[in-house]
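Chemist: What follows is a predicted structure for the sequence shown.
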Amino acid sequence: MSASRTDELHGAALPSRSFSFGDLVRRRPETITFLLLVAICVGVAIANPAFLQPSTLIDIGRASVVMGLFALGVFIILAAGGIDVSFTAIAAFTMYSMTVLVQSYLPGLPIVVVILMATLGGAALGIINGLLVHHLKVPSLIVTIGTQYLFRGFLLSFIGTVWIMSLPPQMGAFGRMPLVQFEAANGALITLPFYFLVLPVAAFVTWWILNRTLMGRAIFAVGGNADIASRLGYSLRTVHVFLFGYAGALAGLAGIIHVCANRQANPFDLVGTEINVIAAVVLGGARITGGTGTVLGTLLGVLLIVVLNSVLVMVGIPSTWQRLVVGSFILLAAAFFVTRQRKK
Amino acid sequence: MAAQAHSAQQSAALLELRNIQKWFGGVHALRGIDLTLQPGEAYHLLGENGCGKSTVIKIMSGAHAPTSGEIVLGGETFSSLTPIQSLAAGIETVYQDLSLLPNLTVAENVALNEQLVDANGRLARLFDRKRLKETAERALATAGLPTGRAFLNTIVSDLPLAARQLVAIARAIATRAKLVIMDEPTTSLTRREVDNLIRVVERLRSENVAVLFVTHKLDECYRIGGHAVVFRDGQCVAQGPIANYSKKQLAELMTGRSIDAQRYRTGRPSDTELLRVERLAADGVREMSFSVRKGEILGITGLADSGRNELAMALTGVAPATGGTVMLDGRAVSVRSPGEAIAQGIGYVPEDRLAEGLFLDKSIFENKIALIVSRLANALGVVDREEGRRIAARLSEEMRLNTRDLDLPVGALSGGNQQRVLIGRWLSIAPKLLVLHGPTVGVDVGSKDTIYRVIQALAEAGMGLVIVSDDLPELLQNADRILVMNGGRAVAEMDAEQATEDQLYKAMLATTTETVQ
């Protein structure tokens, strides 16, 4: 009798051994993101070969950093079944406060310390989110809508509303510091900035935490079902505090890089771009209901949105069309994932 | 075995509860529980829904802290346990909902907790993938599951329910468990799967592991043997070897009143035919033909894969039929969706009331009137809530609902009461035919009694009823006729008054290739 049961289960497990496309997509939904990305790149490259110039690719890489850091934070919270919309406010808060601090009070502060302080500041604000989510037992969407207003309101009321056009020199220098520099055919100097490195490093750290530590497994466990996870002995408080703290740290880091790269600090900046980031993460295959997704998928989702934003112009589509295209992609991808899931 | 346990009473107990009290707000859920569990013994925690069984196992597993009292575990006295303390002491729980994480793999579900417990719940630790695989393979083999890589990496939500049940059991035995608590482990299992579970339990006991069952199925308790522990209203009313108690005694201890295990069916069906099904085909159902008269109760049973579930869903439009005709009152009707079925006068009480039947966070009142909202609405679409409340109150009384408060969310009710709300809802539209699918799954003795009486009253009033169930005594007690399905077809039809459980069971297995022990 137990033999027949075992056979039955072996049979049930079999389909996952043969590699059909549908199965691949179900297990790794980011395959679709990747194919979409390749299709767009090929299409654009045919329509306008200028797309393949190194300068375009480097522009795309540069533009991915801030959004990529945000997206990693959003992804890790989504993996645990939560959602965060306050990260842009955290980034704006830390970047502007740090710029004011360095410019007015501590002009000699080394850039490493500036970056570290921004990251820690972001983590502190994130931990506030985590504690509120845990102790108020209110959905994280509501909590972070509240804290987004709080952080931003505090910034504009007490820290300042002045647009800082001339950055402290060490911050400007960091933004210009080259990683790779070469001369293009037309003689223009093309630079891949040093700060680009932050994204792959952050992505690797995030991947490592999620896949190689108990905390990472706990995050997915909570995303699968928080009640069950707590019954099994996972501390929800630790997970919540870590999650939001980590996402906050990434947001703080993203904020300071944003300032250095743009060579100006605008306190009204960033807030309002949350949906774009969340869209990127969802396009990368993470389910909005939590518990799934990969770091690679998240990066592909970011790349997809950045490429769309920067190449539509190159093939002669007005930039106002970006939203139409991004919106249709989200709906298409979502519909595709859902039908695949139903088909199994 | 029982005598042995008695003589060992003085030796080191595995777990001891001393005068445990638990209050939930104003509700006194446990009123001084004293309970001692010995290694290698089987215990059956019996009682009606809401008697405190779940609370007591949650206190043992660390999910709840008692209001007062002591827990003695491994010679140490605690006022409450955390989940990690409980797991570290070797107390493993297989919850009724299985408590599997749907998005993780089989291996992670089975073996991750070992590492969490070893890290004492701290999460800033590397996770050992090699050890995960080894532990998972060992535990899955013990539970009779495959240990191949493909199965280890299968996401749990992709598994069928019975396999999930075994995965949950594999997790409980993955570590050096000393006590395995199983909360209604057999509710969703077929007889064959129950046999398998009983073998796993015997193995555990031979390794000196204690097993605590929470169950409503007394037959299984007798088969497993060991100690009965009976709870009523938060108190332990009886403890002792289960062989010393008859079924009737246990039922009386649980409910505090005498429960009649006789046939409930009193009425007679009329001669008018209500439903005629001709060559009905659906996924898993092959050309079923049968009829139901007005006021008749037809029982349908079979193994889990016999097509009985699919038949119920085809009749009620949940999973529409692919062929054949359904005649109601002599007229061919089409049931392509539950909405059409309702419009034709066919009601359906689904098996999985939590997932399919109830709006758990809505109130009793809102659940009751869900089906007649359109009838209560006036020309402008505004719902007459007062009329709705009157109807809901009347239905609650008819169903002898254990609560006066119509505004309570249904999720706060016990399983038996939830089922009564669900059946009560159908009374609001007074269907011609009511299909009940496992009407007393996970329901206690007292609620069963009420539900059976309501079923009989409905038949009395001329409604036709179809009960699809694998609870054979239930069908024998309630139905006029019983159809046995096998391989998508009806293989036997019996008069419920004359049939026996044995005959039914033989017919269920008759043509299948599997061997019966």
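Modeler: Everything's here; your move.
Chemist: hang on, residue B:422 packs against residue B:349?
Modeler: Yes: Residue B:422 lies in contact with residue B:349 (C-beta atoms under 8 Å); the separation is 5.5 Å. Any C-beta I mention is one placed from the backbone N, CA and C, and that applies to glycine too.
Chemist: Tally up the residues packed near residue A:282, please.
Modeler: Other residues near residue A:282 come to 23 when the count uses other C-beta atoms under 10 Å in any protein chain shown.
Chemist: Is it within a helix or a strand, and which one?
Modeler: If you go by DSSP states H and E, residue A:282 is part of helix A:274-283.
Chemist: and that helix, what does it pack onto?
Modeler: helix A:54-79, helix A:87-104, helix A:295-311, helix A:322-343 (3 or more C-beta pairs under 8 Å, 6 or more residues apart in numbering or on different chains; DSSP states H and E).
Chemist: what's around residue B:239, how many residues?
Modeler: For residue B:239, the neighbour count with other C-beta under 10 Å is 13.
Chemist: Can you name the residues that contact it?
Modeler: Residue B:239 sits next to B:35, B:227-230 when contact means C-beta atoms under 8 Å, 6 or more residues apart in numbering or on different chains.
Chemist: can you do 10 Å?
Modeler: If you count contacts by C-beta atoms under 10 Å, 6 or more residues apart in numbering or on different chains, residue B:239 has them with B:34-36, B:43, B:227-230.
Chemist: How about residue B:197?
Modeler: Contacts of residue B:197 (C-beta under 10 Å, 6+ apart): B:94, B:143-144, B:165-166, B:169, B:182, B:185-186, B:189, B:220, B:224.
Chemist: any chance of those in TSV, plus secondary structure and neighbour count?
Modeler: Putting the contacts of residue B:197 into TSV (DSSP: H, G, I helix; E, B strand; the rest coil; neighbours: other C-beta atoms under 10 Å in any protein chain shown) gives the following:
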residue	secondary structure	neighbour count
B:94	strand	25
B:143	coil	22
B:144	coil	19
B:165	helix	24
B:166	helix	22
B:169	helix	27
B:182	strand	25
B:185	coil	28
B:186	coil	18
B:189	coil	19
B:220	helix	18
B:224	helix	20
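Chemist: I'd like to know which of the residues you listed is nearest to residue B:135.
Modeler: Nearest to residue B:135 out of the contacts of residue B:197 is residue B:143 (C-beta to C-beta; 12.6 Å).
Chemist: Give me the spatial nearest neighbour of that closest one, chain neighbours excluded.
Modeler: residue B:170 (4.0 Å; C-beta to C-beta, 6 or more residues apart in numbering or on different chains).
Chemist: Let me see the contact set for that neighbour.
Modeler: B:94, B:106, B:109-111, B:135-136, B:138-145, B:200.
Chemist: Now the buried members of those.
Modeler: B:94, B:106, B:109-111, B:135-136, B:139-140, B:143-145, B:200 (16 or more other C-beta atoms under 10 Å in any protein chain shown).
Chemist: which parts of the stretch 301-450 of chain B sit against chain A?
Modeler: residue B:305 (C-beta under 10 Å from any C-beta of the partner chain).
Chemist: Pass me the low-pLDDT residue ranges in the stretch 301-450 of chain B, would you?
Modeler: When residues are selected by pLDDT under 70, those of the stretch 301-450 of chain B lie in B:352-385, B:387, B:391, B:394-416, B:442, B:444-445.
Chemist: how about CSV for the helices and strands packed on helix A:274-283, with mean pLDDT, mean neighbour count and distance to residue B:216 added?
Modeler: Below are the helices and strands packed on helix A:274-283 laid out as CSV (pLDDT from 0 to 100; neighbours: other C-beta atoms under 10 Å in any protein chain shown; distance: least, C-beta to C-beta, whole Å):
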stretch, mean pLDDT, mean neighbour count, distance to residue B:216
helix A:54-79, 92, 23, 38
helix A:87-104, 95, 25, 49
helix A:295-311, 90, 23, 45
helix A:322-343, 74, 14, 35
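Chemist: As a markdown table, those with distance to chain B would be great.
Modeler: Shown next, in a markdown table, are those (distance: least, C-beta to the nearest C-beta, whole Å):
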| stretch | distance to chain B |
| --- | --- |
| helix A:54-79 | 9 |
| helix A:87-104 | 22 |
| helix A:295-311 | 15 |
| helix A:322-343 | 10 |
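Chemist: Throw those helices into a markdown table and include distance to residue A:115, thanks.
Modeler: Formatted as a markdown table, the helices and strands packed on helix A:274-283 follow (distance: least, C-beta to C-beta, whole Å):
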| stretch | distance to residue A:115 |
| --- | --- |
| helix A:54-79 | 12 |
| helix A:87-104 | 9 |
| helix A:295-311 | 21 |
| helix A:322-343 | 31 |
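Chemist: so residue B:293 makes contact with residue B:275?
Modeler: Yes: the criterion here is C-beta atoms under 10 Å, and residue B:293 meets it with residue B:275 at 8.3 Å.
Chemist: need the strands for the stretch 101-250 of chain B, in chain order.
Modeler: With DSSP state E, counting those that start in this stretch, the ranges of strands along the stretch 101-250 of chain B come out as B:179-183, B:210-214, B:227-232, B:235-241.
Chemist: Just put the ones you listed in CSV and tack on mean pLDDT.
Modeler: Compiled in CSV, the strands of the stretch 101-250 of chain B are given as follows (pLDDT from 0 to 100):
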stretch, mean pLDDT
strand B:179-183, 90
strand B:210-214, 91
strand B:227-232, 91
strand B:235-241, 90
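Chemist: can you list those strands in CSV and add distance to residue B:73?
Modeler: Converted to CSV, these look like this (distance: least, C-beta to C-beta, whole Å):
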stretch, distance to residue B:73
strand B:179-183, 10
strand B:210-214, 12
strand B:227-232, 18
strand B:235-241, 19
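Chemist: ok so, going back, filter the buried ones among the contacts of residue B:170 down to the ones in helices?
Modeler: Using DSSP state H, B:106, B:109-111, B:135-136, B:139-140, B:200 are the members of those that sit in helices.
Chemist: For the closest residue to chain A within the stretch 151-300 of chain B, give me the pLDDT.
Modeler: Residue of the stretch 151-300 of chain B nearest chain A, by C-beta to the nearest C-beta: residue B:151 (4.3 Å). On the pLDDT scale, residue B:151 is placed at 91.
Chemist: thought it was touching residue B:163?
Modeler: Yes: taking contacts as C-beta under 10 Å, residue B:151 lies within contact range of residue B:163: 9.1 Å.
Chemist: Between these two, which is the more surrounded one?
Modeler: Taking other C-beta under 10 Å, residue B:151 and residue B:163 do not tie; residue B:151 has more neighbours (26 against 22).
Chemist: Strands along chain A, start to end?
Modeler: A:178-183, A:189-193 (DSSP state E).
Chemist: looking at these, which is buried most?
Modeler: Comparing the strands of chain A by mean neighbour count (mean count of other C-beta atoms under 10 Å in any protein chain shown), strand A:189-193 comes out on top with a mean of 16.
Chemist: ok, and what's touching that one?
Modeler: Applying C-beta under 10 Å, 6+ apart, the contact partners of strand A:189-193 are A:53-55, A:57-59, A:61-62, A:65, A:174-184, A:257, A:260-261.
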